[in-house]
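*Asks:* whatever this is, show me its structure:
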Amino acid sequence: TSEHGVEWQSEGKGDFTIETIDKPTRGTEIILHLREDQDEFLNSWRLRNCITKYSDHINLPIIMQKDPVPNEEGEIDESVVLEDETVNKATALWTLSKSEVSEEDYKEFYKQISHDFQDPLTWSHNKVEGKTEYTSLLYIPSKAPFDLWDRERTHGLKLYVKRVFIMEDADQLMPRYLRFIRGVIDTNDLPLNVSREILQGSKTIDSIRAASVKKVLSELSKMAKNKPEQYATFWTEFGQVIKEGPGEDFANKDALAKLIRFSSTETGKEEQTVSLEDYVSRMQEKQDKIYYITAESFAAAKNSPHLEVFTKKGIEVLLLADRVDEWLTNSLTEFDGKQLQSVAKGDLDLGELDNEEEKKAQEETDKNFEDLVSRVKENLGEQVKDVRITHRLTDSPACLVVDDADMSANLERMLKAAGQEVGGTKPIFELNPEHPMVVRLKDEKDDARFADWSSILFDQATLAEGGQLEDPASYVKRLNELLLTLSK
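*Replies:* I've put the predicted structure just below:
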């Protein structure tokens, strides 16, 4: 009847009771009894904070009494009737159509959810309907957050279900290489009591995540094409993070490859502005590989002796000096049907870029220096995997390379610096047959002097490649003796 109501009681242990009671007024009253150790929820400020965090955007107003204001004596007048006020906003900006939201509104909402005082670089507001229905509002910041490299951070995208805040979890809603994305995703296809464990096996979340990633990459692609200066700003802030993508997200490897920027011998500048598409468009007619070099710094890469023959032939080489580049090149091995090839790995093979006359001359030179190669290899012993004549050098007397399947020396040094045990990769020692020092070494009859000069060339190649000498004092001694000999 109209004067009766239903009372539901539960202690939160899985069971409950229902009974009919006298209730002459309409509506629902909910009375919560707090545990003894939860007195903080009796605090008005704490309640308002919870409402603002979790229910700020539901479309029903949440009303609380205003806090009483003490008089000049610091006392509260109990006779004063307290006014009611709406605590939540009761609106969700992302549920409005784009035409109803101004640019200033978008920017203010970004600052509210990201706690960033700067305007975002750009944003994407979408409502998706179909098998999975959700609304997303995704922001790309203009500056990298201070905790971008903190792997324990969890904030990123906010997940809402029916406008009720569920959680903020970067890993569930975006891959780690897009951890800088801010915004909200709101769906009606998940239950309000969804847990982190349920999210991990949810096809709905997988579908939302996949579509959101494609949307972000699409926005970045448009920016790179239509607003190159804006994309340059983005790349300066987040480029190293994007380089993590090909190793983490195989499905979007091709799209990521087009977004990545590099330094290059073509520009000679440290700024990373060259795309793989730019490189391919400038490739020589018979060139079938994309050449690159990794090093600890831009200067080391730019001045590496491995570039000499490429400079001579006018072949562009990408200069990779970010720490993440070693992992990038292990996962991104080809682009547009062109293999990525390190100029410091394997035997130099320029394919059809070398004419037949050059190849014949190289074969003849290799034969003439067979004795020298054998003597140097015998003197260096276990320090090297092999010794051979090279045609990749024009100015330097020697250099170090590794086999195609071996770990690069730069990566090995980084892993050791990180405290990881790495089995040392023995380098291949290559000699330039046209360099005066190598020619003189070939004619050297004194075994002791030959051994010293071989060691000097090997140590110099190690230093030029960015390595450290195991015995610097011996190197200095040999070099001083060589200088004294030549000065006589």
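*Asks:* so which residues of the stretch 301-450 of the chain form strands?
*Replies:* Assigned by DSSP state E, counting those that start in this stretch, the strands in the stretch 301-450 of the chain fall at 318-320, 334-335, 338-342, 386-389, 398-401, 428-431.
*Asks:* I'd like to know which of the ones you listed lies nearest to Ala301.
*Replies:* Proximity to Ala301, assessed across these by CB to CB, is greatest for strand 318-320 (4.1 Å). For every residue, glycine as well, the C-beta is placed using N, CA and C.
*Asks:* count of residues packed around Cys192?
*Replies:* Check again: residue 192 is Leu, not Cys. 8 (other CB atoms under 10 Å).
*Asks:* then it would be within a strand, right?
*Replies:* No: assignment of Leu192 by DSSP: H, G, I helix; E, B strand; the rest coil gives coil, placing it outside any strand.
*Asks:* and the spatially closest residue to it that is not a sequence neighbour, what's its pLDDT?
*Replies:* Spatially, and ignoring its direct neighbours in sequence, Leu192 is nearest to Val161 (5.4 Å; CB to CB, 6 or more residues apart in numbering). What the model reports for Val161 is a pLDDT of 89.
*Asks:* next: Gly14.
*Replies:* Model confidence at Gly14, given as pLDDT, is 81.
*Asks:* just Leu307 next, same as before
*Replies:* pLDDT at Leu307 comes out at 93.
*Asks:* so it sits right up against Ala295, yeah?
*Replies:* No: contact criterion CB atoms under 8 Å: Leu307 and Ala295 do not qualify, at 10.4 Å.
*Asks:* thinking again about what came up before, residue contacts, the residue nearest to Leu192?
*Replies:* Counting by CB atoms under 8 Å, 6 or more residues apart in numbering, Val161 makes contact with Asp186, Thr187, Asn188, Leu190, Pro191, Leu192, Val194.
*Asks:* who does it bridge with?
*Replies:* Beta-bridge partners of Val161, counted by DSSP bridges, are Val164, Thr187.
*Asks:* circling back: just put the strands of the stretch 301-450 of the chain in a markdown table and tack on distance to Gly467, mean pLDDT and mean neighbour count.
*Replies:* Below are the strands of the stretch 301-450 of the chain laid out as a markdown table (distance: least, CB to CB, whole Å; pLDDT from 0 to 100; neighbours: other CB atoms under 10 Å):
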| stretch | distance to Gly467 | mean pLDDT | mean neighbour count |
| --- | --- | --- | --- |
| strand 318-320 | 17 | 96 | 25 |
| strand 334-335 | 29 | 94 | 16 |
| strand 338-342 | 16 | 93 | 17 |
| strand 386-389 | 17 | 92 | 18 |
| strand 398-401 | 8 | 92 | 25 |
| strand 428-431 | 12 | 93 | 24 |
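*Asks:* now do stretch 412-431: distance from first to last residue.
*Replies:* In stretch 412-431, first residue to last residue: 23 Å (CA to CA, to the nearest Å).
*Asks:* next, the residues that contact it from outside, please.
*Replies:* Here stretch 412-431 has contacts from 296, 323, 326, 369, 372-373, 376-377, 380, 382-390, 392-393, 397-403, 406-407, 409, 438, 457-458, 461-462, 465-467, using CB under 8 Å, 6+ apart.
*Asks:* and those, which are buried?
*Replies:* Among these, those buried by neighbour count (16 or more other CB atoms under 10 Å) are 326, 369, 372-373, 376-377, 380, 383-384, 387-390, 392-393, 397-402, 406-407, 409, 438, 457-458, 461-462, 465-467.
*Asks:* hmm, back to that, where helices are concerned, which of the contacts of stretch 412-431 count?
*Replies:* If you go by DSSP state H, the contacts of stretch 412-431 have Glu326, Leu372, Val373, Val376, Lys377, Leu380, Ala409, Val438, Leu457, Phe458, Ala461, Thr462 in helices.
*Asks:* quick one: the strands in the stretch 101-250 of the chain?
*Replies:* Assigned by DSSP E, counting those that start in this stretch, the stretch 101-250 of the chain shows strands spanning 122-128, 134-140, 157-161, 164-168, 182-187.
*Asks:* which helix of this structure spans the most residues?
*Replies:* Under DSSP H, the chain gives helix 203-226 as its longest helix.
*Asks:* may I have the beta-bridge partners of Lys338?
*Replies:* Going by DSSP bridges, Lys338 forms beta bridges with Phe335.
*Asks:* re the thing from before, so for Trp45, which of the strands of the stretch 101-250 of the chain sits nearest?
*Replies:* Nearest of the strands of the stretch 101-250 of the chain to Trp45, taken as CB to CB: strand 164-168 at 18.5 Å.
*Asks:* contacts for the closest one?
*Replies:* By CB under 8 Å, 6+ apart, the list of residues contacting strand 164-168 from outside reads 53-58, 154-160, 190, 192, 194, 196, 199.
*Asks:* if we go to 7 Å?
*Replies:* Contacting residues not belonging to strand 164-168 are listed as 53-55, 58, 154-156, 158-160, 192, 194, 196 [CB atoms under 7 Å, 6 or more residues apart in numbering].
*Asks:* quick one on the thing from earlier: separation between the residue nearest to Leu192 and Cys50?
*Replies:* Here Val161 is placed at a distance of 17 Å from Cys50 (CB to CB, to the nearest Å).
*Asks:* so where's the stretch 101-250 of the chain uncertain?
*Replies:* Along the stretch 101-250 of the chain, the model assigns pLDDT under 70 to residues 151-155, 169-170.
*Asks:* export only the CA atoms of stretch 292-300, formatted as CSV.
*Replies:* Extracted in CSV, the C-alpha atoms of stretch 292-300 (Å, rounded to 0.1, in the frame of the first residue of the first chain):
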residue,chain,number,x,y,z
TYR,A,292,72.1,2.9,-40.1
ILE,A,293,74.6,3.1,-37.2
THR,A,294,74.0,3.0,-33.5
ALA,A,295,76.3,4.8,-31.0
GLU,A,296,76.4,6.3,-27.5
SER,A,297,76.1,9.8,-28.8
PHE,A,298,75.3,11.7,-31.9
ALA,A,299,78.9,12.9,-32.3
ALA,A,300,80.2,9.3,-32.1
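*Asks:* and that stretch, how far from the chain's centre?
*Replies:* Taking CA atoms, centre = their mean, to the nearest Å, one finds the center of stretch 292-300 at 18 Å from the center of the full chain.
*Asks:* buried set for it?
*Replies:* In stretch 292-300, counting by 16+ other CB under 10 Å, buried: Tyr292, Ile293, Thr294, Ala295, Phe298, Ala300.
*Asks:* tilt between the helix or strand containing the first one and strand 338-342?
*Replies:* Put plainly, it is Tyr292. Taking DSSP states H and E as the criterion, Tyr292 maps to strand 289-294. Angle of strand 289-294 versus strand 338-342, following axes from the mean of the first three to the mean of the last three CA atoms, to 10 degrees, is 30 degrees.
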